[in-house]
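> Fold the following and give me the result.
(4 chains)
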Number of protein chains: 2
Amino acid sequence: MAKGQSTGASAVASEGATDGSLPRRQPVQKRSRERLKKILDVAAARIARNGSDQLRMSDVAEGAGVSIGSLYQYFPDKSAIVRALAEHYNAQSRQCIEEALRDVATPAQLEAAYIDLLDQYFAMVRDEPVIRDIWSATQTDKQLMSLELTESRLCAALLADAMARAHGQSAKKYESTAFMIWQLGEAVVRLATSVDGSESKAILEGFKRMTAREILQM
Amino acid sequence: MAKGQSTGASAVASEGATDGSLPRRQPVQKRSRERLKKILDVAAARIARNGSDQLRMSDVAEGAGVSIGSLYQYFPDKSAIVRALAEHYNAQSRQCIEEALRDVATPAQLEAAYIDLLDQYFAMVRDEPVIRDIWSATQTDKQLMSLELTESRLCAALLADAMARAHGQSAKKYESTAFMIWQLGEAVVRLATSVDGSESKAILEGFKRMTAREILQM
DNA sequence: TTTTAAAAGTGATAAACACTCACATTAAGG
DNA sequence: CCTTAATGTGAGTGTTTATCACTTTTAAAA
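Predicted coordinates for the structure are as follows:
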């Protein structure tokens, strides 16, 4: 999961509909699509190394072999680059989550899938500095924050559905709990990746125990 | 608790010991102590209004009626102002926490104190924009992050002690759980303050139920 | 009081950035 | 080849943090 490969050119500088900033050009020619991909790849590498607050537009331009002006052709501002990367990682994770929860039909399967998902998420965050950094940026960029909140609600809904199937009840009943647990899961994984190995293990296990009980006893 | 009063002049621009930046002057004359207090008050007000990333040194200088140069006499850089405010709020909160947990001796008292603390903390974060903002800044300022992590471990230790007293066991046994729960508590309160009223209530109650069980069943 | 040295205070100025825009270049269809 | 739209450019603009050589204030010694 998330093996640090190229970010692909599918992510597009969110065609600014009603948000304040001017809409940027959408690449239609092959050359410009390749440049956009290169820009995102370079930005991801720079962020992995130094964090997004140390990201310099001039660095990205130089690394991607384009001019400053070209950067602003696809991204209304610096934070839009981070947002594009966030969307890329979100799409990737969501696919894993859907796969893991899709076939849950019993409480035992629910527990297994949930534990597995937590471990996978922890491993991904631990190994992908960019993901940790996107979380930081979430605190200073309102647009990114609402993007991530929306994503989180979406994932929580998938969990609520799985809970509903496992317990043979309506998903509505589990929505709020699933959302809380999902958010806490993100928080606990961030915490676990920021302390040393033995403590991170204890924290993660404690959380699993506490939340598995909550998910199963309803 | 935390009634938005003046920040007081006790907070001092952390006398840079071995951290990279030059040590700043410690005010010894009355006039300069008053100016320092004014600077912190103005900064807190500006942060409450617009957030610390919108804080401008020139604004603070103008608001406090001092020159830019004077700001740098007490603070090595902009983020040091936020750190000074963080230390102020930390000291304030810790006192409440100590009072609330000091007399815990039974499981029932532990549960009551814990629930009460959560409610108080939620109310404080909800009513003090500066505290929410300091949390955001934590993500971009390494020094602030470690300051807050240290504070969190300190508070978690207070909780672990209370658990030990309530259950008649060694505090060592509860350290890791207390730390996890404390960190999750901070996360859940931030989450609760960022969603609307009815959902925030559901989230907070769910968390109380889940964690109270964990704290009492050990 | 006068003198003196340390403390406190100042603001023009350097340096670092994000972002713009008038213009240059390249691709595609006729 | 010619025309038009898509792309691409980078010097220049504006904003902001932070510095430092210098002035003013304070308090205590002479």
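> Any figure for the gap between the spatially closest residue to residue A:53 that is not a sequence neighbour and DNA strand C?
The shortest distance from residue A:53 to any non-neighbouring residue, by CB to CB, 6 or more residues apart in numbering or on different chains, is to residue B:140 (5.4 Å). Where C-beta positions appear, they are placed from N, C-alpha and C, glycine not excepted. Computed as CB to the nearest atom of the strand, to the nearest Å, the residue B:140 to DNA strand C distance reads 14 Å.
> Residue B:140 in helix, strand or coil?
When classified by DSSP: H, G, I helix; E, B strand; the rest coil, residue B:140 comes out as coil.
> For it, give me its contacts.
The contact partners of residue B:140, taken as CB atoms under 8 Å, 6 or more residues apart in numbering or on different chains, are A:53, A:136, A:139-140.
> what do you get if the cut-off is 7 Å, keeping everything else the same?
Residue B:140 makes contacts with A:53, A:136, A:140, as judged by CB atoms under 7 Å, 6 or more residues apart in numbering or on different chains.
> quick one, phi/psi of it?
phi -110, psi -10 (degrees, to the nearest 10).
> can you pull out the helices in chain A?
For chain A, applying DSSP state H gives helices covering A:30-50, A:57-64, A:68-74, A:78-102, A:107-127, A:129-138, A:142-167, A:175-194, A:197-216.
> List the residues that contact the closest residue to residue A:86 other than its chain neighbours.
Nearest residue to residue A:86 in three dimensions, chain neighbours excluded: residue A:134, at 4.8 Å (CB to CB, 6+ apart). Taking CB under 7 Å, 6+ apart, we find residue A:134 in contact with A:82, A:85-86, A:89.
> quick one: which of these is nearest to chain B?
Here the nearest of these to chain B, counting by CB to the nearest CB, is residue A:82; it sits at 12.7 Å.
> so what pLDDT did that closest one get?
For residue A:82, the pLDDT comes out at 98.
> how about the residues of chain A near chain B?
Residues of chain A lying close to chain B by CB under 7 Å from any CB of the partner chain are A:53, A:136, A:139-140, A:176-177, A:180, A:183-184, A:187-188, A:191, A:199, A:202-203, A:206-207, A:210, A:214.
> so what pLDDT did the spatially most central residue of chain A get?
Central residue of chain A (CA atoms, centre = their mean): residue A:90, 3.9 Å from the mean position. We have a pLDDT of 97 for residue A:90.
> Could you do residue A:30 as well?
So residue A:30 comes in at 80 (pLDDT).
> Check the one 5 residues further on too.
According to the predicted model, the pLDDT of residue A:35 comes to 93.
> Then residue A:26?
Taking residue A:26 on its own, its pLDDT is 78.
> Residue A:70 versus residue A:63, what's the distance?
12 Å (CB to CB, to the nearest Å).
> Equivalent analysis for residue A:136, please.
As defined by CB to CB, residue A:136 lies at a distance of 27 Å from residue A:70.
> So those two - more neighbours on which side?
residue A:136 (19 against 16; other CB atoms under 10 Å in any protein chain shown).
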